[in-house]
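Participant: Task: produce atomic coordinates for the following.
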Amino acid sequence: MQPDTTLVEPPKTTLSGVARVLVHAGKLQVKAAEDLVRQAREKKASFVSTVIAAGVVSASDLAHTLSSALAVPLLDLNAIDPQKLPANLLDTKLLQQYQIIALGRRGNRIFIGGADPTEQEVADRIKFATQLSPEWVIVEYDKLAKLLQISATSAAETLESIAGGDFEFDVTEEETAPAQEAAEVGEVEDAPIVRFLQKMLIDAINMRASDLHFEPYEYHYRVRFRVDGELREITQPPIAIKDKLASRIKVISRLDISEKRVPQDGRMKLKFGSKSIDFRISTLPTLFGEKIVIRILDSSSAKLGIEALGYEKIEKERLLTAIQRPYGMILVTGPTGSGKTVSLYTCLNILNQPGVNISTVEDPAEINLPGINQVNVNDKAGLSFAAALKSFLRQDPDVIMVGEIRDLETADIAIKAAQTGHMVMSTLHTNDAPTTLTRLLNMGVAPFNIASSVLLITAQRLARRLCENCKAPADYPHEALLRAGFKEEDLDGSWRPYRAVGCSGCNNGYRGRVGLYQVMPISEAIQRIILSEGTAMDIAEQARIEGVRDLRQAGLVKVRAGVTTLEEVLAATNA
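Facilitator: Residues are numbered from 1 along each chain as shown. Presented below is the predicted three-dimensional model:
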């Protein structure tokens, strides 16, 4: 008698995924499987976790059954070192949400460890997030859950250790209340995130940083501070915090936390002890998240007085004489971050008297000065530099400050204001004072308008200041000093240059910065060159004849005084 080889027909069912596999393998009855599917749906839990919790199938048995039925490799997580697993292939939130781990990458494939390889939604999310094809490896659910818990705890502890203890750092209520109500509290009030941001801001203030950079990359996240003009990496927190940290910063600076596709600008004011400090926020969408730069705006820097900025005696006298004139235009030029705003605010502070009406239009106003009417540019609302200037002229101003002259319309209105009895101050991005005049000509401003309105141009750079505690004499070759711009008679042995050494109280031998200034009054001779449409070289030569130091010569004066190093001056002036 021949044995019966007829295949047994599996029970008919509408089940799918892991439930169907377990029924076909004889591990579960159809009714029991359907009940478990319903329970999982009601609890909003995964089917695998519901099966394991019910105790009907062990985690080990489930993993082996799925591996055999689906022909998917099986991995024992006890056999691998969790520290050797690749970090940052997938976002931590995704790993925790779907209970999976990233095991590695080969070519355009990413290997995913999970207890349910039938979950198509997970595969689609991974493919979308990484642009890689996911390859499943089955792991036991209980071991996977334990590993994910350890990973989450480790990340939180790392963040806690970076953030340190709790401390008082209050956000002013008026700045945050509206945004706070609209925010998702769970996203922005995460205690480790709050403490981490507080610590970064306090560390930046203590280190006298001017900017904080929060930068997301594909596999890591870093924080850098700009201290004395130099960017320094401070820490690399877990990449999982990037979205929550961005949301927290946006909330306290009153930005839209749901908008991640376009840049945003905002500001916040924080109470640090008895002192309030303003911060300007700029967000920028990058390939791997939003880069955020926080600029520290210390209003005390605008109240230091002109002596603290580094002007030499003759330069200071020229500037003070010009700003006391009843009308005309003063221009401050230099690259971004060269201290133009502080110079302008210092001048405004000198002029800020009860009998003087001062109005400024900026993008945005960086430092709040009582007694000065400050306006922020709002291009969306139609409030441009030109529009604000037109309005100022109807506000009976004595002094007008324009944050930047960017176009011919703004330049024309500013010049007309300077010609009709107003003192106008503004900035331009040019290399030095002589090229500022040719820049205005290239904008389309008529030569006679420039000659009749511009009183003085200041070009400036910032160089790092030597630490007084550790600076030491330097031995530069005689020829190097001559090439740098010193004359033979300057090298008479009556002074010595200094070099940076470094100590516990400074940043690699430097502490603070000092300004290098080219202060060029517009004399009658320079006016004639402008009217004849002379070149920047013609203007520079006439300025030299009139005793105006260029930026390199201004820097060499600081080297001779032992204020900075020759290397700093060469890097700052690059001439």
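Participant: pLDDT on stretch 343-354, on average?
Facilitator: Across stretch 343-354, the average pLDDT comes to 89.
Participant: what's the answer for stretch 271-278, then?
Facilitator: 70.
Participant: Do I have it right that Leu212 meets Phe225?
Facilitator: Yes: using C-beta atoms under 8 Å, Leu212 is in contact with Phe225, at 5.8 Å. Bear in mind the C-beta positions are built from the backbone N, C-alpha and C, glycine included.
Participant: what touches both of those two?
Facilitator: Shared contacts of Leu212 and Phe225, defined by C-beta atoms under 8 Å, 6 or more residues apart in numbering, comprise Ala204.
Participant: Run a quick neighbour tally on the residue lying closest to Met268 once chain neighbours are set aside.
Facilitator: Nearest-residue entry for Met268: Ser253, 4.4 Å, with adjacent residues in sequence omitted and distances by C-beta to C-beta, 6 or more residues apart in numbering. Neighbourhood size, Ser253 [other C-beta atoms under 10 Å]: 24.
Participant: outside of stretch 557-573, which residues touch it?
Facilitator: In contact with stretch 557-573 (C-beta under 8 Å, 6+ apart) are residues 310, 312, 461-466, 471, 474, 476, 480-481, 484, 490, 495-500, 510, 514, 516, 549, 551-552, 555-556.
Participant: Buried only: go through those residues for me.
Facilitator: In terms of neighbour count (16 or more other C-beta atoms under 10 Å), the buried residues within the contacts of stretch 557-573 are 310, 312, 461-466, 471, 476, 481, 484, 497-498, 500, 510, 514, 516, 549, 551-552, 555-556.
Participant: May I have the phi/psi pair for Tyr221?
Facilitator: Backbone geometry at Tyr221, expressed as degrees, to the nearest 10, gives phi -130, psi 130.
Participant: try Ile405
Facilitator: Dihedral pair for Ile405: phi -90, psi 110, per degrees, to the nearest 10.
Participant: Can you tell me how far it is from Trp495?
Facilitator: Ile405 is 40 Å from Trp495, where distance means C-beta to C-beta, to the nearest Å.
Participant: how distant is stretch 356-367 from the center of its chain?
Facilitator: Offset of stretch 356-367 from its chain centre (C-alpha atoms, centre = their mean, to the nearest Å): 23 Å.
Participant: List the buried residues of that stretch.
Facilitator: 358-363, 365-367.
Participant: Could you work out the most separated pair of the residues you listed?
Facilitator: Spanning the widest gap among the buried residues of stretch 356-367 are Ile358 and Asp363, at 17.7 Å by C-beta to C-beta.
Participant: ranges for the helices of the stretch 251-400 of the chain?
Facilitator: Taking DSSP state H, counting those that start in this stretch as the test, the helices found in the stretch 251-400 of the chain are 313-323, 340-351, 385-392.
Participant: Please name whichever of these is nearest to Thr535.
Facilitator: Going by C-beta to C-beta, the one of those nearest Thr535 is helix 313-323, 23.3 Å.
Participant: tell me what the helix or strand hosting Leu62 is packed against?
Facilitator: Per DSSP states H and E: Leu62 is located in helix 59-70. Helices and strands touching helix 59-70, by 3 or more C-beta pairs under 8 Å, 6 or more residues apart in numbering; DSSP states H and E, are helix 17-24, helix 47-54, strand 74-75, strand 133-139, helix 141-163.
Participant: Out of the ones you listed, which gets the lowest mean score?
Facilitator: helix 141-163 (a mean of 68).
Participant: For this structure, name the helix or strand with the lowest mean pLDDT.
Facilitator: Lowest on mean pLDDT, DSSP states H and E among the helices and strands of the chain sits helix 173-182, with a mean of 42.
Participant: What about the contacts of stretch 557-573, which are in strands?
Facilitator: Judged by DSSP state E, the subset of the contacts of stretch 557-573 located in strands is 461-466, 498-499, 510, 514, 516.
Participant: what's the closest of the helices and strands packed on helix 59-70 to Thr427?
Facilitator: Taking C-beta to C-beta as the criterion, helix 141-163 is the member of the helices and strands packed on helix 59-70 that comes nearest to Thr427, at 37.9 Å.
Participant: What is the end-to-end distance of stretch 39-52?
Facilitator: 13 Å (C-alpha to C-alpha, to the nearest Å).
Participant: what's in contact with that stretch?
Facilitator: Applying C-beta under 8 Å, 6+ apart, the contact partners of stretch 39-52 are 17-19, 22, 28, 36-37, 54, 57-59, 62, 99, 115-116, 119, 141-142, 145.
Participant: before we move on, what about stretch 361-374?
Facilitator: The contact list for stretch 361-374 (C-beta under 8 Å, 6+ apart) reads 265, 267, 278, 280, 295, 297, 299, 301-302, 341, 345, 348-349, 352, 354, 357-360, 375-377, 385, 388-389, 392, 395, 400-404.
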